[in-house]
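Colleague: requesting a structural model of the entry that follows:
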Amino acid sequence: MAYGLQLRDAAGNLTLDISDRVGFFVATLSGTVSGTTNITVAGISAATTYATLMGAFEDDIDVSVTVGTNTVQVAGTGAYKINLVRFS
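Modeller: Below is the predicted model:
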């Protein structure tokens, strides 16, 4: 038998079950990059952590994000704002 958290709404409908994945906010990273920079963030990995570029970016700004073990690599040219979410 599996054990875990189950949540139900006021009508008794199951809204969160033990088989659901739950995300946890880890960090917001922001700055300006020209080339490549590595940012250390403890406790993250490519298998469980997702990075999302946030904000308005012009067409000529090229920024990419790669999540690794305890690090986030930001490459390109321009401003960035990244939200990191870890799923369990």
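
Colleague: low-confidence regions, this protein specifically.
Modeller: For the chain, residues meeting the criterion pLDDT under 70 lie at 1-2, 55-61.

Colleague: and for residue 76, the neighbour number?
Modeller: Applying other C-beta atoms under 10 Å, we find 15 residues neighbouring residue 76. Quick note: C-beta positions are derived from backbone N, CA and C, even for glycine.

Colleague: I'd guessed it sits against residue 65; true?
Modeller: No: between residue 76 and residue 65 there is no contact under C-beta atoms under 8 Å: 9.1 Å.

Colleague: list the buried residues of whichever strand or helix holds residue 30.
Modeller: Secondary structure assigned from DSSP states H and E places residue 30 in strand 23-40. For strand 23-40, a neighbour-count test (16 or more other C-beta atoms under 10 Å) marks 26-27, 29, 33, 39 as buried.

Colleague: which residue lies farthest from the center of the protein?
Modeller: Of all residues in the chain, residue 11 has its C-alpha farthest from the mean position, at 32.2 Å, by C-alpha atoms, centre = their mean.

Colleague: circling back: shared neighbours, residue 76 and residue 65?
Modeller: By C-beta atoms under 8 Å, 6 or more residues apart in numbering, residue 76 and residue 65 have no common neighbours.

Colleague: picking that back up, what's the offset of the strand holding residue 30 from the middle of its chain?
Modeller: On the basis of C-alpha atoms, centre = their mean, to the nearest Å, strand 23-40 sits 10 Å off its chain's mean C-alpha point.

Colleague: could you do stretch 19-31 as well?
Modeller: Worked out by C-alpha atoms, centre = their mean, stretch 19-31 lies 4 Å from the chain centre.

Colleague: torsion angles phi and psi at residue 42?
Modeller: For residue 42, the backbone dihedrals are phi -70, psi 140 (criterion: degrees, to the nearest 10).

Colleague: with that, I have no additional questions.
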